[in-house]
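J.: curious how this folds, go ahead:
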Amino acid sequence: MKVVTGTSDTRTEHSSGTAKTGFAVSISIPALLAIAGIIALGWGAIYWLGAIVWGVVATFAFTLFSMMGKSMGMTRMDLLDLLGSMMVRPDSTASRSIGAVIHHMNGALLAIAWAYTVDMAGWPANWFTGLLWGMVLWLLALMMMSTIGVIHPAIRRGEQADPGPGATNFGRMTPLGSLMGHAVYGIILGLLYQSWPLS
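T.: Numbering: from 1, shown residues only. This next block holds a predicted model:
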């Protein structure tokens with residue numbers, strides 16, 4: 001079934017079943033890696049406090065980078081509003097506040113998934129594997145942005161912009177900005193976790 005979503009200037013047609021599958025895959029892979037790590041290695045295999053704290057710090061850096069990109073005209077995407085408007089009215093203080101909480105919680109959870117993934121693979125937890133993880137997350141984020149319109153209530157109602165394929169409805173440079181932001185996240189996460197694991 002075809003579904004058309006987004007505001008008048010970001011109308012995007014989705015194949016509903018394919019888009020829902022793509023969205024589910026994009027959010028499931030990190031979760032499954034974390035679960036596999038817990039099952040295979042146990043709760044004590046990683047530095048949980050370090051992963052959570054540095055995941056939040058790295059996400060904060062990502063957020064600042066994204067805001068800079070928007071202020072310089074590289075993208076029109078307001079990620080915090082996009083996330084928060086899944087629950088409340090778009091373009092509001094409440095939406096951005098809720099979006100900030102969701103975004104930084106995700107950053108912590110993704111850091112846990114990274115720590116378990118590199119441990120299972122026998123790789124060092126450092127800036128380089130953090131960067132590689134950032135690249136993986138960038139690909140998953142592009143998949144998620146391309147398909148979020150089918151499950152996002154405000155986008156389905158036409159009250160929120162649909163990111164479109166690769167989030168390019170927010171500007172052709174948005175995928176590149178996202179790549180750079182995820183690289184910042186991964187490098188900072190890896191450097192801080194390696195240097196101060198907070199055991």
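
J.: so where do the strands sit in this protein?
T.: Taking DSSP state E as the test, the strands found in the chain are 2-5, 12-15.

J.: any idea of the pLDDT on the nearest residue to P124 once chain neighbours are set aside?
T.: Of all residues beyond its chain neighbours, the one nearest P124 is V118 (7.0 Å), with distances taken as CB to CB, 6 or more residues apart in numbering. C-beta coordinates here come from the backbone N, C-alpha and C atoms, glycine included. The predicted local confidence for V118 comes out at a pLDDT of 98.

J.: just G17 next, same as before
T.: Listed pLDDT for G17 reads 89.

J.: need the residue closest to the centroid of this protein.
T.: What sits nearest the mean C-alpha location of the chain, by CA atoms, centre = their mean, is A141, with 5.3 Å.

J.: residues contacting the residue nearest to that one when sequence neighbours are not counted?
T.: With sequence-adjacent residues excluded and distances taken as CB to CB, 6+ apart, A141 is closest to S178, at 6.0 Å. Neighbouring residues of S178 by CB atoms under 8 Å, 6 or more residues apart in numbering: 138, 141-142, 145, 167.

J.: of all these, which comes closest to L32?
T.: Of all the contacts of S178, A141 has the smallest distance to L32: 16.7 Å, by CB to CB.

J.: measure that closest one to I148 for me?
T.: The gap separating A141 from I148 is 10 Å, by CB to CB, to the nearest Å.

J.: also F60?
T.: When distances are taken as CB to CB, F60 and I148 turn out to be 22 Å apart.

J.: looking at the two, which is more packed in?
T.: Between F60 and I148, counted using other CB atoms under 10 Å, I148 has the larger neighbour count: 25 against 16.

J.: thinking again about what came up before, quick check: the residue nearest to the centre of the chain touching H182?
T.: Yes: with contact taken as CB atoms under 8 Å, A141 and H182 are classed as touching, separated by 6.7 Å.

J.: what is the burial count for the spatially closest residue to I151 that is not a sequence neighbour?
T.: Spatial nearest neighbour of I151, excluding adjacent residues (CB to CB, 6+ apart): F23 at 5.8 Å. As a burial measure, F23 scores 21 neighbours (other CB under 10 Å).

J.: residue contacts, F23?
T.: By CB under 8 Å, 6+ apart, the residues touching F23 are 143-144, 147-148, 150-151.

J.: roughly how far apart are it and A100?
T.: 21 Å.

J.: tell me what the longest helix seen in the chain is packed against?
T.: Within the chain, and with DSSP state H defining each element, the longest helix by residue count is helix 93-121. Where contact means 3 or more CB pairs under 8 Å, 6 or more residues apart in numbering; DSSP states H and E, helix 93-121 is packed against helix 16-41, helix 48-71, helix 79-84, helix 127-147, helix 174-195.

J.: just give the nearest non-adjacent residue to R11, would you?
T.: In space, R11 comes closest to V4 once its chain neighbours are excluded; the distance is 5.9 Å by CB to CB, 6+ apart.
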